[in-house]
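Asker: 3D, please:
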Amino acid sequence: MTTHQLVLALVDRDEAVRRTAEDALVSLGPAALPALTEHLSDAASPVREAALLSVLRRTGASAFRPVLEALRSAAPGQAHWRALRVFTGLGATALDGYTGALTHEDPVVRRAAIMAISKCGDDGVLVAEHVVPLLGDPDAEVRRAAVRSFSSWGAVVVPLLQAVRRSGPGAARAGALEALAEIGGEAVMSARDMAALERLVRIKLPDDVPTPISCCFLSWIAVSTGDQDGVMDFLGLSAPRPVPFAAGVFAADCDSHAGLDENPLDQYRRVFVTPELAGWTLVVGSWCDPSSAEREAEVLDACAQLSAQYGRAQAYWHSDQHDGSAVLVAEQGTIVRRFAYIPGEDMQHLELGVPLAYEQQRRAALGLPAPAAGHVDTEEDEDEWTWELLDLAPNLAGELSLDPRSVDASTLAQGTGVLALTEYGRSLSAPSGALRL
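Answerer: Numbers count the residues shown, from 1 in each chain. You can find the predicted model right below:
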């Protein structure tokens with residue numbers, strides 16, 4: 001069989017044929033590399049990159065340079081991604097090659113080398129110092145890749161990053177600070193760095209304006225007052241730190257994903273408390289979710305008491321991915337309405353009060369019967385109403401208070417937004433992660 005025939009045999013239906021072809025290609029050594037890289041660069045090749053990678057890894061160090069050239073010459077699109085996945089998958093045996101590629105003239109290669117070193121785990125940490133200059137690379141994508149790499153290594157590289165913050169190189173200092181924030185937040189940042197961040201915030205705040213509040217999973221409490229301090233005291237929030245509005249929204253969005261794969265309580269550590277917005281103060285964060293199993297009772301009680309103090313208080317949850325909505329409306333110390341719709345889940349235990357005027361108006365506008373005891377929608381009506389319920393939270397908020405998504409620079413605002421810790425944040429520590437200022 002020719003070399004090309006051997007490469008094509010890597011996708012044979014017979015596993016024994018595939019194994020024999022792979023062994024034969026490995027035995028050919030460098031002589032097989034032109035055919036292997038030709039298929040690697042061909043997006044139409046039937047040979048998947050996983051099969052090519054298996055041979056190339058077994059071929060050893062001689063495969064590195066041809067794969068690098070395949071990456072450089074690959075056409076944009078699928079061919080590029082094939083070459084990138086193979087290049088970054090060669091493993092620790094290619095570590096010397098990856099380290100050398102960190103200084104390559106092509107930013108695509110530099111970025112790929114960082115990604116590859118990061119995938120080498122503990123072996124990659126051994127050459128972390130060589131990645132440091134790329135924290136200040138002229139190419140933004142390379143810089144981001146370097147930050148992600150250090151962040152993935154975690155606590156073991158904190159001393160190195162702290163040394164960069166103290167002694168340079170100067171161009172890498174900003175990237176080192178971002179990586180430290182991602183790894184451990186304030187706990188691993190020096191007092192000097194914290195002071196520098198606070199100065200940067202102070203510089204940005206005078207020109208700060210509201211921005212749309214949009215998160216994949218958006219939860220918020222709206223209180224009809226501009227008394228930000230009073231709302232925070234009432235809710236037991238602490239350690240408020242002024243932030244630009246967009247940074248507060250970014251933090252809320254990041255935090256809403258925190259409990260998906262780790263401690264489910266992580267998402268409740270922190271909230272963003274807005275300045276007064278058209279007569280309302282919004283507390284934004286998963287901690288405010290009126291339908292959360294861990295928080296539903298506390299949010300219910302908080303809104304009842306806040307409404308007794310300030311007249312009106314509401315809590316909402318909304319999924320930007322059409323996973324559902326939840327609403328809670330309190331007035332003058334009384335819960336007027338609580339309702340949640342999450343497809344596939346039984347939320348009847350949350351329902352309190354009677355349908356609001358808004359709900360009745362929307363049903364009428366859609367040509368649906370008014371809600372009544374014992375009434376069951378037809379399948380067609382139920383489907384129509386389901387789509388309305390998915391966006392009930394922001395739409396109802398737009399009628400009763402503020403739709404957070406509609407907040408922008410034209411919204412009348414007074415004061416400064418802050419990030420504040422909840423009781424979970426005080427016990428579990430503040431969340432780590434860099435904020436976009």
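
Asker: for Leu71, helix, strand, or coil?
Answerer: The local conformation at Leu71, judged by DSSP: H, G, I helix; E, B strand; the rest coil, is helix.

Asker: give me the element the spatially closest residue to it that is not a sequence neighbour is part of.
Answerer: In this structure, Leu71 finds its nearest non-sequential neighbour in Ala83, 4.3 Å apart by CB to CB, 6 or more residues apart in numbering. (C-beta placed from N, C-alpha, C; glycine too.) Using DSSP states H and E, Ala83 sits within helix 78-87.

Asker: hang on, the earlier thing: state the pLDDT value of the residue nearest to Leu71.
Answerer: For Ala83, the pLDDT comes out at 95.

Asker: my guess is it contacts Glu69. True?
Answerer: No. In terms of CB atoms under 8 Å, Ala83 does not count as a neighbour of Glu69; the distance is 9.4 Å.

Asker: okay, those two: which has more neighbours?
Answerer: Shown here are Ala83 and Glu69; by other CB atoms under 10 Å, Ala83 has more neighbours (27 against 14).

Asker: quick one: the more buried one and Arg241, what's the gap?
Answerer: 45 Å (CB to CB, to the nearest Å).

Asker: and stretch 344-353, what's its mean pLDDT?
Answerer: The average pLDDT within stretch 344-353 is 90.

Asker: so what touches the helix or strand containing Leu300?
Answerer: Following DSSP H and E, one finds Leu300 within helix 296-310. With contact meaning CB atoms under 8 Å, 6 or more residues apart in numbering, helix 296-310 is reached by 221, 223-225, 227, 230-231, 234-235, 288-290, 292, 313-315, 328, 330-335, 338, 350.

Asker: so how far is that helix off the chain centroid?
Answerer: Offset of helix 296-310 from its chain centre (CA atoms, centre = their mean, to the nearest Å): 30 Å.

Asker: quick check: mean pLDDT across it?
Answerer: Averaged across helix 296-310, pLDDT comes to 97.

Asker: same check, this time on stretch 21-29
Answerer: Mean pLDDT, stretch 21-29: 93.

Asker: try stretch 359-372
Answerer: Mean pLDDT, computed over stretch 359-372, is 82.

Asker: how about it as PDB, C-alpha atoms only?
Answerer: The C-alpha trace of stretch 359-372 is given here as PDB (Å, rounded to 0.1, in the frame of the first residue of the first chain):
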ATOM      1  CA  GLU A 359     -52.100  39.100  32.800                       C
ATOM      2  CA  GLN A 360     -55.800  39.500  32.000                       C
ATOM      3  CA  GLN A 361     -55.000  42.300  29.500                       C
ATOM      4  CA  ARG A 362     -52.400  40.100  27.700                       C
ATOM      5  CA  ARG A 363     -54.800  37.200  27.500                       C
ATOM      6  CA  ALA A 364     -57.500  39.400  26.000                       C
ATOM      7  CA  ALA A 365     -55.000  40.900  23.500                       C
ATOM      8  CA  LEU A 366     -54.200  37.300  22.400                       C
ATOM      9  CA  GLY A 367     -57.900  36.400  22.100                       C
ATOM     10  CA  LEU A 368     -57.700  34.000  25.000                       C
ATOM     11  CA  PRO A 369     -60.500  33.500  27.600                       C
ATOM     12  CA  ALA A 370     -60.100  35.300  30.900                       C
ATOM     13  CA  PRO A 371     -58.500  33.200  33.700                       C
ATOM     14  CA  ALA A 372     -61.100  31.700  35.900                       C
END
